[in-house]
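Novice: Structure, please.
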Amino acid sequence: MRRAHRVGDELPPLEIPVTRTLIVAGAIASRDYQDVHHDAELARAKGSPDIFMNILTTNGLVGRYITDHFGPTAVLRKVAIRLGAPNYPGDVLRLTGHIADVSAGEHAEAVVHVTGDNRVGRHVTGTVTVALPYRGEEAA
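Specialist: Down below sits the predicted model:
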């Protein structure tokens with residue numbers, strides 16, 4: 001059985017290759033048709049070296065990082081992120097996190113501080129609150 005989660009526990013890092021397809025697919029899936037997320041020529045005309053990932057795709061990847069760790073029955077209660085350096089095609093987004101707070105019992109929750117870096121710098125900083133599956137006597 002999985003051990004209880006404790007304040008200070010580090011989540012294993014997750015590395016996500018940032019491809020042109022991921023950037024465009026994320027923009028389409030979130031209905032973000034801004035040209036800077038799919039048209040390299042127009043992105044360059046606006047001062048960017050290439051297309052870049054939108055915040056909703058980053059938000060989804062942060063959510064995936066948390067549910068990959070806590071399991072399929074964990075429920076995201078709050079995801080609060082701030083973007084920094086853009087994610088461009090060819091980057092690798094490396095997500096890391098640690099548990100900042102955890103409560104036990106039937107309505108157990110964990111608060112996880114998450115960061116994500118790429119070759120340019122810090123892409124995302126955030127805090128995620130996740131409801132943990134109830135496991136009876138076993139504290140979350």
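Novice: For L42, give me its contacts.
Specialist: With contact set as Cβ atoms under 8 Å, 6 or more residues apart in numbering, L42 has these partners: D35, V36. In short, each C-beta sits where N, CA and C put it, glycine included.
Novice: May I have the strands that pair with the helix or strand containing G116, each with its orientation?
Specialist: If you go by DSSP states H and E, G116 is part of strand 109-117. Paired with strand 109-117 in the same sheet, following DSSP bridges, are strand 92-102 (antiparallel), strand 122-131 (antiparallel).
Novice: helix/strand/coil for the residue most central in space within the chain?
Specialist: Compute the mean C-alpha point of the chain, and by Cα atoms, centre = their mean the closest residue is V62, 1.2 Å away. Counting by DSSP: H, G, I helix; E, B strand; the rest coil, the backbone at V62 sits in helix.
Novice: these two touch, right, it and V112?
Specialist: No - using Cβ atoms under 8 Å, V62 and V112 do not qualify as a contacting pair, with a distance of 9.4 Å.
Novice: count of neighbours near the nearest residue to H98 once chain neighbours are set aside?
Specialist: Beyond its immediate neighbours in the sequence, the residue positioned closest to H98 (Cβ to Cβ, 6 or more residues apart in numbering) is E10, lying 5.0 Å away. A count of neighbours around E10, defined by other Cβ atoms under 10 Å, yields 9.
Novice: List the contacts of E10.
Specialist: Taking Cβ under 8 Å, 6+ apart as the test, what E10 contacts is T96, G97, H98.
Novice: and if you look at S48?
Specialist: When contacts are counted by Cβ under 8 Å, 6+ apart, S48 touches V36, P86.
Novice: isn't there a helix covering it?
Specialist: No - judged by three-state DSSP, S48 forms no part of a helix; its state is coil.
Novice: In this structure L61 contacts L95, no?
Specialist: Yes - applying Cβ under 8 Å as the test, L61 and L95 come out as touching, 7.1 Å apart.
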